[in-house]
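>>> kindly return the folded structure for what I paste below:
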Amino acid sequence: MQQTIVFIVLAATIALFLWDRIRYDLVALIALFSVVLFRVVQPEAAFAGFAHPAVITVVAVMIISKGMQNSGVIDLIAHRLLGLGGNIVVLIMALSVLTAVASAFMNNVGALAIMLPIAIQLARKSGHSPSHILMPLSFASLMGGMMTLVGTPPNIIIASFRAETEGSPFAMFDFLPAGAGVTLAGILFVALVGWRLLPVRKNRKSTDTFQIEDYITEVRIVRDSKLAGATLRTMMEEKGYEINVIGLIRNKLRIHIPDPDEELKVNDIMILEADAENLKVFLDRTRVKLLGGRQFRKDAVGSRDISIREVVVLQDSKLIGKSAAALTLRSRYGINLLAIARGERKFTKRISQSTFRVGDVLLIQGRTHMMDEVIANIGCMPLQERGYRIGDESRTALTLGIFGAAIVAVIFNLIAVQIAFAMAALLLVLSRVISFREVYQSVDWSVIVLLGAMIPVGLALEDSGGADLLAGLLLKIGKGFPLWVAMVLIMTITMLLSNVINNAATAVLMAPIGIHLAQGLNASTDPFLMAIAIAASAAFLTPIGHQSNTLVLGPGGYKFGDYWKMGLPLQCLVMVVAIPILIQVWG
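Numbering: from 1, shown residues only. Now for the predicted structure:
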């Protein structure tokens, strides 16, 4: 009976993941509470997953990753790539190598986020389409994470399953032989062949793509204007034209987000965003004076504190499925939405009513000192190049020293990995490399909830005998075939799952099945666990398989179906390269 319940819960969970209408962390909690209510998992063990060493390690790695970003060492190295020539093979290879190496020791998305503005700038400088460069970069971040224990959550999870099965986890660099082989082969493939399989999308030029200055106009309220004495709210509720008020200048002082009930006065200058057609209707109706030539907004006090940023909407953003009007972006976050780009399409009309989607590129305007916090709060990632942070040498050396000491402690088994990295994270906070606010902002809590909830569900699959049953089915399919055939089967299933559900959840579900399959073949569990770790990170077929893929969706102008064109042959290459290495090293 318990086995049946577990299979029903898992089937419903995967269906909800695929439906993608409910956040994956909430889906994981639904799965957890379901198995608890049916007594498959005892209530006292329901939240044991949140104290699991794998979860603690993932939290620590996310914090350390932020410290590595703050140290400036990766930014400094990445910035030197701006001196590269225009050969696209050289560009892709250099960018991919650096991204992969960074991803081996820090969060995949964090490493990609550092490289993305550099890659966009290089694409613009060399005249190449970003669509040929950004997806290879995303895939490089996924492959780089395969090389070390802390490179990606699936590796940490698989190591914990190995500890329960064999008595000791995988060590820091046990993943290196297969991970490095896959990464090297993968980078060569995407640089020499893969980018040629991708469509050419229009070369994006950051904020220049929107040509936003063509739509920004300044008008003065004169004595005979209908707006003198009226409020902004009254003006905006008028039908027949669409105008976006992005600022107000009064007595040479710029008001960034004017109050809707602010009474407009004679000689006020309004900064408007509108196309020619709407502007003409607005001018005719209100009798305001159009200002040309000198741009008063640039001279007004406070203008230097106003900046425009280009950001991409991430998979877990609170914007998705809602509009700027519904979210009240202006009053709640103090930002003006100027334009939206979706693939090769750009929107400047009715953008306040447009529903945001994953991968949309937004052009927003706000106060410079608040922009970073607002962007993080709404679940977006900046695309413009941030001035790279070299930082002082002592801070860089301190960060690398703390991280290096943690790695050494793990390599020589001086201390458990979750303790070593948690201590390293604490030292980075105490040494002020990371602020207390950054500690909590750097952790992707949705992933932590997902892991904490899914680990008991994964154990329920094993304890109920469900993993043994599924492994038996795979044994029947692969009966009489060599070991590598069974590994191909387990990797294929894992890859398919990782492209539609979170890769950490995939590792949790597939690890027990891989263990029982190996035991049924009287083979070592190690190559199967390693195969699952690699396959769980090989989410190359869809933009939703991993946040790295989502991050490049908008900037690269990709469509959903573009990913498999390079991703499918790359997945096949991963299996061809990884399986012989795994059998040789761990078989």
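>>> correct me, but Asp526 touches Ile583?
No: between Asp526 and Ile583 there is no contact under CB atoms under 8 Å: 10.3 Å. To be clear about C-beta, it is placed using only N, CA and C from the backbone, and glycine gets the same treatment.
>>> immediately after the lowest-mean-pLDDT helix or strand in the chain, which helix or strand?
For the chain, the helix or strand with the lowest mean confidence is helix 296-299, at a mean of 60 (criterion: mean pLDDT, DSSP states H and E). Once helix 296-299 ends, the next helix or strand along the chain (criterion: DSSP states H and E) is strand 306-313.
>>> list the buried ones in that next one?
In terms of neighbour count (16 or more other CB atoms under 10 Å), strand 306-313 has its buried residues at Ile306, Ile308, Arg309, Glu310, Val311, Val312, Val313.
>>> stretch 562-570 too?
Result for stretch 562-570 [16+ other CB under 10 Å]: buried residues Asp562, Tyr563, Trp564, Lys565, Met566, Gly567, Leu570.
>>> same thing with stretch 514-527?
Neighbour count says stretch 514-527 has Gly514, Ile515, His516, Leu517, Ala518, Gly520, Leu521, Ala523, Ser524, Thr525, Asp526, Pro527 buried, by 16+ other CB under 10 Å.
>>> sitting in helices, which of those do you find?
Gly514, Ile515, His516, Leu517, Ala518, Gly520, Thr525, Asp526, Pro527 (DSSP state H).
>>> quick one, strands of this protein?
Along the chain, the stretches classed as strands by DSSP state E are 216-220, 244-250, 253-255, 269-273, 289-291, 306-313, 336-342, 345-347, 361-367, 380-382.
>>> list the helices and strands the third one packs on?
Right, the one you point to is strand 253-255. strand 244-250 (3 or more CB pairs under 8 Å, 6 or more residues apart in numbering; DSSP states H and E).
>>> centre of the chain to the strand it packs on, how far?
Here the centre of strand 244-250 is set off from its chain's centre by 34 Å, with CA atoms, centre = their mean, to the nearest Å.
>>> list of residues touching it?
By CB atoms under 8 Å, 6 or more residues apart in numbering, the residues outside strand 244-250 that reach it are 216, 218, 232, 235-236, 254-256, 258, 262, 265, 267-274, 296-297, 300, 306, 336, 338, 351-352, 365.
>>> can you do 6 Å?
Arg254, Ile255, His256, Pro258, Asp268, Ile269, Met270, Ile271, Glu273, Phe296, Ala300, Asn336 (CB atoms under 6 Å, 6 or more residues apart in numbering).
>>> neighbouring strands - and their directions - for that strand?
strand 253-255 (antiparallel), strand 269-273 (antiparallel) (DSSP bridges).
>>> now it: buried residues?
For strand 244-250, by 16+ other CB under 10 Å, it's Asn244, Val245, Ile246, Gly247, Leu248, Ile249, Arg250.
>>> same deal with stretch 327-345?
327, 329-330, 333, 335-343.
>>> next, count neighbours for Asp284.
10 (other CB atoms under 10 Å).
>>> sorry, back to before: most widely separated two among the buried residues of stretch 514-527?
Gly520 and Asp526 (15.3 Å; CB to CB).
>>> average model confidence for stretch 27-41?
Throughout stretch 27-41, pLDDT has a mean value of 94.
>>> could you shift the numbering so residue one becomes 58, and keep it that way?
Sure, I'll start counting at 58 from here, so that last one is stretch 84-98.
>>> would you pull up how far that stretch lies from the middle of the chain?
On CA atoms, centre = their mean, the centre of stretch 84-98 falls 28 Å from that of its chain.
>>> tell me which of the buried residues of stretch 384-402 is nearest to Leu598?
Distances from Leu598 to the buried residues of stretch 384-402, taken by CB to CB, are shortest for Gly400, at 18.6 Å.
>>> looking at the buried residues of stretch 619-627, spot the one nearest Ser492.
Tyr620 (36.2 Å).
>>> contact partners for the closest one?
Contacts of Tyr620 by CB under 6 Å, 6+ apart are Leu598, Thr599, Pro600.
>>> gap between the first one and Ala482?
With distances taken as CB to CB, to the nearest Å, Leu598 is found 33 Å from Ala482.
>>> the two: which has the busier surroundings?
Per other CB under 10 Å, whichever of Leu598 and Ala482 has more neighbours is Ala482, with 26 against 23.
>>> which residues touch the nearest residue to that one once chain neighbours are set aside?
Distances taken as CB to CB, 6 or more residues apart in numbering place Ile120 nearest to Ala482, at 4.0 Å, with adjacent residues excluded. By CB under 6 Å, 6+ apart, the residues touching Ile120 are Ala482, Val496, Ser499.
>>> what does Ala562 give?
Here Ala562 is in contact with Leu507, Met511 (criterion: CB under 6 Å, 6+ apart).
>>> residues near Pro539, how many?
By other CB under 10 Å, neighbour count at Pro539 equals 9.
>>> just the one 4 residues further on next, same as before
By the criterion of other CB under 10 Å, Ala543 has 25 neighbours.
>>> residue contacts, it?
Ala543 neighbours (CB under 6 Å, 6+ apart): Gly535.
>>> got a quick ChimeraX command for the buried subset of the contacts of strand 301-307?
With 16+ other CB under 10 Å as the burial test, the buried ones among those are selected in ChimeraX as follows:
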select :311,313,315,325,326,327,328,330,357,393
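>>> ok, Leu598 touching Val557?
No: Leu598 is not in contact with Val557 according to CB atoms under 6 Å; the separation is 8.7 Å.
>>> can you give me the domain boundaries for this structure?
59-261+460-643, 279-344, 364-439 (automatic domain parsing).
>>> and of these, who's closest to Ser451?
Using CB to CB, these put domain 59-261+460-643 closest to Ser451, at 10.0 Å.
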